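Trainee: heads up, no residue letters with this:
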Ligand SMILES: Cc1cc2nc3c(=O)[nH]c(=O)nc-3n(C[C@H](O)[C@H](O)[C@H](O)COP(=O)(O)OP(=O)(O)OC[C@H]3O[C@@H](n4cnc5c(N)ncnc54)[C@H](O)[C@@H]3O)c2cc1C
Ligand SMILES: Cc1cc2nc3c(=O)[nH]c(=O)nc-3n(C[C@H](O)[C@H](O)[C@H](O)COP(=O)(O)OP(=O)(O)OC[C@H]3O[C@@H](n4cnc5c(N)ncnc54)[C@H](O)[C@@H]3O)c2cc1C
């Protein structure tokens, strides 16, 4: 660390900070499983999550005042979640659960990482702790591909709609068109109809026929089939149609969405001319898959790989170790693969952190099987390059900075901007509040890439300047941390 | 002509050469503005420079920036002639600041002393208790990426400029530039505008140029209603720029932008190309900004970014022909002032190439001044 300003003053911080063996960032299925497995083997764990309750995207809990409404009605895996919580409870002397803690930076190296979080009302209180190792279980966020009218009120993320339902038990509308791509759409639609909405149709841009080619992988994942079948049965019962190779190519309305235009797509996701038709609705739930949330590990220099759908995911070894010593990862941060894979990876990572070198064979087998399934899904639902054809020039691609498709296209064609970063510099797309979480993948793909890019963000969430000013203490010295991050 | 590097300096050089009728290829191994130009700020400052060749270059450059803004339209560059305000924390700093301002006056800089009780008129949200300040009306700003892009566009519109992005220079000798993507380019002269990486380009030709990186972080806040009107910084900044020490130094320049966010930057450290996040460095920038503008404490910092300034040991750029290779023109090593100094640098390069009487003595920028041993 001699090279890093963090260690310029070089002195130890003494007892000013809480110390742990392991900081787990993210208390979704992966983080919960990792924390439980590690703590059961004697590791002192801090488990941090920005949400008010543990559970992550999948085991999202309703706000306390809504608790009575049987959240499990919307969950297929509620008992598994209860079991994880029970294990943490048994190990509670070694697990500090820090809910409502948004981690904005992790610095340092193996043996001494400084983890800085914001907490309290409006996230205006600082909390810092140190940990010998860190594990990123930060999950994923939804990939959005814009279309004309997508900024109208009533157009929501598919995952967002499900989250709203699980957390607040509110519906985004009464007649909800579900669209985009990925296995999530079925889950979202089935959640919506169960909660009382009508879903005129589910428009899936990819072609489900392709699953046949992965029949072996599917057969090896019976759980997934059962889950798919359950959603399928629910949708059938409610008369919901699934239309493959179909996309919402425009949303219409004045104050709020009133209808959508749907169009047939060819294999490259190009809209087929003349195939459009209109469907009335008062909400649209769209999502085009999930993209791992990587800003914290990227800042530490962790290596990534591209998945078949173009998303970037952390490279991990058999023990869930990233390329940076002392840094581990599990769940969607290593590639989107669903809740069961997240739990399996968390379990394996927790055991490895605790020094349990001989992982149970069954866990390893399960991970291999579930990963194969994840890769199959990623390949089937990879966005085709033709989607950009449904974007008209006036469509706002970056909502924060109000940058249109035309501006992005000009930067690409006139100045040869080849990537999201250059477009950002030339148009401001991605400079606003969400820091390109929303528009990044779309802009990267408008530049002609078949991937989502992976923008770096030194601060993973906005930090009040006054709090930042008080962080003028160096991170603790680490054990042989790399000083030049690639 | 071949210009290596499509950053601010390369863009300005391509434009200046093309306007003189030369045919130019601009090469960059990455995209346009993908280097330091896309990772810094766009302060065009005379206020931070003491009397000497750099200030002379800066005064001419700021004049040229005004012309460019008239020609291309201020919006194309996000040009804002907002002026700088340097403040002093105590009596002694104020006395030093006044003395240095008087010297700057002799070099063509306009300075206006501002007594403590008049600071509030210029900057209503400035902290109380400062000893005084100096107002520099010439200080201005551009958005560097847009400015470089605008110059490249104008150059290309002459019909004499080819932009070859994603093209790495792999070899260099008289009359020949070897590239990975476009084979060998034949040319009369080469302009090395490869910024922080110019030392590598020089080495390809067998020349020595000890350019090193100096890291800087910039903080960007959420968009705010107008709160900061000028470029405001504390007087110790002037000392930082000239410092030879490898430690962190920073005295944050605080400025509002047309888009709303306040920019706070930049720190200066010599840590090689270490991209690692340094929270204490960000913290110091934040603390300095909050000291000048207490209202910023409650404001959220949305993002931070970093870049690597190209610096030479004496903190002056290298501009002009290599002493042993008259075909190789250096235009690099502008450290934290490459945006501000770009138009005058380009003018100097063009004049030297054309064999014209240069507007100032280029000797202090001579690329031969480091000798051969100093790599
Ligand atoms: C909306 C939605 C619906 C889904 N529905 C299904 C479904 O029906 N079936 C299925 O199999 N899978 C579904 N999935 C996928 C499933 O949720 C994931 O596979 C699973 O949650 C992954 O677990 P994880 O622990 O990796 O990440 P997550 O569950 O996403 O947990 C990550 C956690 O990290 C926290 N976090 C992230 N960054 C920070 C930070 N900087 N500081 C503090 N905390 C942070 C987040 O708050 C979150 O709680 C869905 C995913 C989403 C997004
Ligand atoms: C944080 C920060 C704040 C700053 N603030 C200011 C400020 O307020 N005002 C100011 O005037 N200056 C400022 N600067 C400094 C300014 O950004 C630089 O001086 C300026 O951008 C240098 O421009 P350049 O064209 O020389 O270099 P660059 O923009 O780096 O361009 C060099 C180009 O050469 C290319 N290249 C390198 N090697 C090769 C090769 N082998 N083949 C082909 N191409 C190659 C690179 O890809 C790059 O695009 C700041 C810098 C930083 C880091």
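Mentor: Thanks, I have it. From a predicted model like this one, the values you see are computed outputs, not experimental measurements. Ligands and ions are numbered 1, 2, ... in the order given.
Trainee: is whichever strand or helix holds residue A:348 anywhere near ligand 1?
Mentor: The secondary structure element spanning residue A:348 is helix A:339-353 (assigned by DSSP states H and E). Yes. Using C-beta under 6 Å from any ligand atom, helix A:339-353 reaches ligand 1 at A:339, A:342. Backbone N, C-alpha and C define where each C-beta goes, glycine included.
Trainee: helices or strands up against that helix?
Mentor: helix A:29-40, strand A:125-136, strand A:327-329, helix A:361-380 (3 or more C-beta pairs under 8 Å, 6 or more residues apart in numbering or on different chains; DSSP states H and E).
Trainee: out of those, which comes closest to ligand 2?
Mentor: With C-beta to the nearest ligand atom as the criterion, ligand 2 lies closest to strand A:125-136 of the helices and strands packed on helix A:339-353, at 25.0 Å.
Trainee: after the closest one, next one along is what?
Mentor: Per DSSP H and E, the first helix or strand lying C-terminal to strand A:125-136 is strand A:140-142.
Trainee: contacting residues around that next one?
Mentor: Strand A:140-142 is contacted by residues A:57, A:157-160, A:287-293, A:332-333, A:336, A:437 when judged by C-beta atoms under 8 Å, 6 or more residues apart in numbering or on different chains.
Trainee: now that strand: how far from the chain's centre is it?
Mentor: Its chain's average C-alpha position is 3 Å from that of strand A:140-142, according to C-alpha atoms, centre = their mean, to the nearest Å.
Trainee: neighbouring strands - and their directions - for that strand?
Mentor: For strand A:140-142, the pairing partners within the sheet under DSSP bridges are strand A:290-292 (antiparallel).
Trainee: near chain B at all, the helix or strand following the strand it pairs with?
Mentor: Moving toward the C-terminus from strand A:290-292, the next helix or strand (DSSP H and E) is helix A:295-300. Yes. Under the criterion of C-beta under 8 Å from any C-beta of the partner chain, helix A:295-300 makes contact with chain B via A:299, A:300.
Trainee: list the buried ones in stretch A:269-288?
Mentor: Within stretch A:269-288, the residues that qualify as buried by neighbour count (16 or more other C-beta atoms under 10 Å in any protein chain shown) are A:269, A:270, A:271, A:281, A:282, A:283, A:284, A:285, A:286, A:287, A:288.
Trainee: tell me which two in these are the farthest apart.
Mentor: Using C-beta to C-beta, the buried residues of stretch A:269-288 span at most 28.8 Å, a distance reached by A:270 and A:282.
Trainee: only the buried subset of the contacts of strand A:140-142, as a ChimeraX command please.
Mentor: In ChimeraX syntax, the buried subset of the contacts of strand A:140-142 is picked out as below (16+ other C-beta under 10 Å):
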select /A:57,157,158,159,160,287,288,289,290,291,292,293,332,333,336,437
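Trainee: residue B:215 against residue B:266, yeah?
Mentor: No. The pair formed by residue B:215 and residue B:266 falls short of the contact definition of C-beta atoms under 8 Å, at 9.1 Å.
Trainee: so those two - more neighbours on which side?
Mentor: Set side by side, residue B:215 and residue B:266 give different neighbour counts by other C-beta atoms under 10 Å in any protein chain shown, the larger being at residue B:266 (26 against 23).
Trainee: does that one really touch residue B:218, like I thought?
Mentor: Yes. Counting by C-beta under 8 Å, residue B:266 does reach residue B:218; the two are 5.0 Å apart.
Trainee: list the residues that contact both of these two?
Mentor: Any residue near both residue B:266 and residue B:218 by C-beta under 8 Å, 6+ apart counts here, and that gives B:40, B:41, B:285.
Trainee: how about those in CSV, adding secondary structure and distance to ligand 1?
Mentor: Output for these, formatted as CSV (DSSP: H, G, I helix; E, B strand; the rest coil; distance: C-beta to the nearest ligand atom, whole Å):
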residue, secondary structure, distance to ligand 1
B:40, coil, 27
B:41, coil, 27
B:285, helix, 22
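Trainee: which one (most neighbours) among those?
Mentor: Within the shared contacts of residue B:266 and residue B:218, residue B:285 tops the neighbour count with 28 neighbours, counted by other C-beta under 10 Å.
Trainee: quick check: phi and psi at residue A:21.
Mentor: Backbone torsions for residue A:21, taken as degrees, to the nearest 10, come to phi -80, psi -40.
Trainee: how near is it to chain B?
Mentor: Spatial separation of residue A:21 from chain B under the definition C-beta to the nearest C-beta, to the nearest Å is 22 Å.
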